[in-house]
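> my questions are about this predicted structure, shown below with the sequence.
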Amino acid sequence: MPEVSVVSIGAMAANPDWGETEPVRTGHATTTLVRSGDATILVDPGLPGRILVARLAERANIGPAEVTHVFLTSFHPDSRRGIQAFGDAAWLISEAEREGVGAPMAQSLMYAMEREHAEQAEALREDIAIMERCRAAEDSIAEHVDLFPLPGVTPGMCGLLVSDPRTTTLICGDAIPTAYALEHGVVHRGAVDIEAAKASFEEAVEIADVLVLGRDNLCVNPMRRPF
């Protein structure tokens with residue numbers, strides 16, 4: 001049966017749940033490890049690589065070479081900051097996110113080059129190189145580990161649905177960022193498509209017994225919680 005464990009709990013640069021409107025910390029996604037069969041899947045390596053490698057050793061007693069796949073729920077920088085530390089792994093992202101983010105990045109690079117914005121162009125080239133390395137993920141990454149599209153916050157945001165006979169766990173990325181957002185039905189204010197984000201939020205709550213939140217810990221779905 002698959003195993004799910006949180007390697008690092010994320011944080012929002014500015015957390016609207018706490019009334020913050022400007023960044024007050026470095027944002028980073030919650031990083032999750034999924035083991036199923038021969039696959040060891042790291043989801044959203046949001047911390048710098050050296051820190052994340054240390055966390056993996058602390059939390060799972062493994063090194064970066066043992067990670068077979070890296071999956072990004074979105075291409076947001078907070079979700080991929082440490083990805084270069086896992087050069088031996090297959091890098092995966094949803095096809096919708098790859099297409100929805102990749103084309104605008106290429107256009108932005110052309111714009112920056114035309115206006116001789118050298119630093120911006122270099123940063124975009126680095127992002128595009130990472131995107132080009134990311135393959136479009138198949139519907140199933142490993143046994144009992146399936147893609148679960150959650151578009152709205154980004155064009156092709158996608159979670160991972162991990163199933164066993166007793167429990168369904170959804171790693172949902174920023175589709176549901178925090179426990180406060182989950183409890184109060186709050187949709188990410190920076191969503192590119194608010195209506196799609198609301199629909200994805202509802203689908204996540206409908207299907208999962210346990211949710212791994214984008215900037216928080218894992219928690220029991222409040223709709224399934226015993227009273």
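Yes, it's here.
> show me what the nearest residue to Ala90 once chain neighbours are set aside bridges to in the sheet.
Beyond its immediate neighbours in the sequence, the residue positioned closest to Ala90 (C-beta to C-beta, 6 or more residues apart in numbering) is His69, lying 5.0 Å away. Where C-beta positions appear, they are placed from N, C-alpha and C, glycine not excepted. Going by DSSP bridges, His69 is paired in beta bridges with Ile41, Ala90.
> His69 and Leu42 touch, don't they?
Yes: using C-beta atoms under 8 Å, His69 makes contact with Leu42 at a distance of 7.2 Å.
> find the residues that touch each one of these two.
Each of Ala89 lies in contact with both His69 and Leu42 under the rule C-beta atoms under 8 Å, 6 or more residues apart in numbering.
> so these two - more neighbours on which side?
Residue environment comparison for His69 versus Leu42 gives the larger neighbour count to Leu42, 27 against 20, counting by other C-beta atoms under 10 Å.
> output the below-cut-off pLDDT ranges for this protein.
Across the chain, the ranges flagged by pLDDT under 70 are 111, 114, 225-227.
> show me where it has its helices.
Along the chain, the stretches classed as helices by DSSP state H are 49-60, 95-114, 118-133, 179-184, 194-207.
> of the ones you listed, which is nearest Gly19?
Distances from Gly19 to each of the helices of the chain were compared using C-beta to C-beta; the minimum, 11.5 Å, belongs to helix 179-184.
> ok now the closest one, how far from the chain's centre?
The chain centre lies 18 Å from the centre of helix 179-184; the measure is C-alpha atoms, centre = their mean, to the nearest Å.
> test my guess that Ile9 contacts Leu218.
No: proximity of Ile9 to Leu218 does not meet the contact threshold set by C-beta under 8 Å, at 9.2 Å.
> more crowded one of those two?
Leu218 (18 against 15).
> what's opposite the residue nearest to the more buried one when sequence neighbours are not counted in the beta bridge?
Distances taken as C-beta to C-beta, 6+ apart put Val212 closest to Leu218, at 4.5 Å, once the chain neighbours are dropped. For Val212, the beta-bridge assignment (DSSP bridges) gives partners Ile171, Leu218.
> which residues touch Val212?
For Val212, the residues meeting the contact criterion (C-beta under 8 Å, 6+ apart) are Val4, Val6, Thr30, Thr32, Val43, Thr169, Leu170, Ile171, Cys172, Leu218.
> contacts only, for the residue nearest to Ala90.
When contacts are counted by C-beta under 8 Å, 6+ apart, His69 is found next to Ala39, Thr40, Ile41, Leu42, Ala89, Ala90, Trp91, Leu92, Ile141, Ala142.
> try Pro48
The neighbours of Pro48, taking C-beta under 8 Å, 6+ apart as the test, are Arg81, Gly82.
> how far away is it from Thr168?
In this structure, Pro48 and Thr168 are 32 Å apart, going by C-beta to C-beta, to the nearest Å.
> could I get the contacting residues of the spatially most central residue of the chain?
Central residue check for the chain by C-alpha atoms, centre = their mean: the C-alpha nearest the mean position is that of Thr73, 3.3 Å away. Taking C-beta under 8 Å, 6+ apart as the criterion, Thr73 is in contact with 29, 43-44, 79, 150, 157-160, 171-175, 214.
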